[in-house]
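Engineer: can't give you the sequence, but here's the structure:
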């Protein structure tokens with residue numbers, strides 16, 4: 001049987017633990033991480049609208065914004081996002097207005113002026129097609145003779161781009177995912193290459209009348225990695241890069257990283 005003294009000690013220990021947690025939840029970031037430069041305890045990042053990954057209008061501003069915010073919070077850094085047109089986000093950040101910009105694919109041009117984080121997101125591009133029209137493919141040769149939809153300025157990988165240049169198939173590009181889905185529904189294109197989560201977000205939120213008539217092929221066309229970019233001309237970027245990468249790796253090792261994307265699949269980042 002437990003003694004009164006034992007129970008009292010348990011109670012005292014629990015109370016101290018609660019006080020410790022409460023203190024740390026409200027403590028100054030520099031107290032939690034005494035080696036952190038005091039200029040880096042709050043950061044403003046730039047981002048482009050890309051639902052459901054990032055959007056000013058979504059819960060937690062989208063799954064990727066939520067992930068990035070929590071990674072920095074783990075390091076005692078509070079971040080806020082400013083949503084801008086993509087080109088402005090890119091140029092304003094390198095010109096010193098923001099500490100970093102999210103999220104971007106790898107390119108030689110960007111790597112000249114930005115430091116790349118470890119991969120934050122894996123994008124899966126698939127072909128969407130109209131259910132009543134048969135569509136199947138196993139390799140690029142199976143796309144021969146098709147008219148495919150795409151986005152302006154997009155590359156869908158070296159093999160795809162080479163086949164397009166050799167005119168194995170044709171591609172008609174427009175400026176938005178919604179336009180491509182409307183063209184697909186009207187039979188003006190045979191299939192449309194888009195990131196899977198982005199495609200279904202557009203169907204379910206912008207074009208619900210088409211959600212039941214369009215599906216996707218399970219074979220990925222392309223798996224892309226996206227990164228948080230830190231401008232090379234900032235004196236703080238190397239320090240921030242190390243901090244961010246360290247905690248991102250921890251998130252991945254503990255399974256916490258995957259939980260965000262499981263939440264995305266469950267609808268946690270949809271407006272109710």
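Structural biologist: Perfect, I can see it now. Because the structure is a prediction, the values reported are computed rather than measured. Residues are numbered from 1 along each chain as shown.

Engineer: so residue 129 sits against residue 191, correct?
Structural biologist: Yes: with contacts defined as C-beta atoms under 8 Å, residue 129 counts as touching residue 191 at a distance of 4.6 Å. Glycine gets a C-beta too; all of them are placed from N, C-alpha and C.

Engineer: list residues touching both of the two?
Structural biologist: Jointly contacting residue 129 and residue 191 under the rule C-beta atoms under 8 Å, 6 or more residues apart in numbering are 135, 184, 217.

Engineer: out of those residues, which are buried?
Structural biologist: When those are checked for burial by 16 or more other C-beta atoms under 10 Å, the buried set is 135, 184.

Engineer: let me have the shared contacts of residue 129 and residue 191 in JSON lines, extended by pLDDT and secondary structure.
Structural biologist: Formatted as JSON lines, the shared contacts of residue 129 and residue 191 follow (pLDDT from 0 to 100; DSSP: H, G, I helix; E, B strand; the rest coil):
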{"residue": "135", "pLDDT": "94", "secondary structure": "coil"}
{"residue": "184", "pLDDT": "95", "secondary structure": "helix"}
{"residue": "217", "pLDDT": "97", "secondary structure": "coil"}
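
Engineer: can you put the shared contacts of residue 129 and residue 191 in TSV and add distance to residue 210?
Structural biologist: Shown next, in TSV, are the shared contacts of residue 129 and residue 191 (distance: C-beta to C-beta, whole Å):
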residue	distance to residue 210
135	16
184	8
217	17
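
Engineer: who's more crowded, residue 129 and residue 191?
Structural biologist: Legend: neighbour count by other C-beta atoms under 10 Å for residue 129 and residue 191, higher for residue 191 (25 against 20).

Engineer: dump the residue contacts of the more buried one.
Structural biologist: Taking C-beta under 8 Å, 6+ apart, we find residue 191 in contact with 127, 128, 129, 135, 146, 148, 149, 184, 217.

Engineer: can you report phi and psi for it?
Structural biologist: The phi and psi values for residue 191, taken as degrees, to the nearest 10, are phi -160, psi 160.

Engineer: cool, and residue 75?
Structural biologist: Main-chain torsions, residue 75, degrees, to the nearest 10: phi -90, psi 10.
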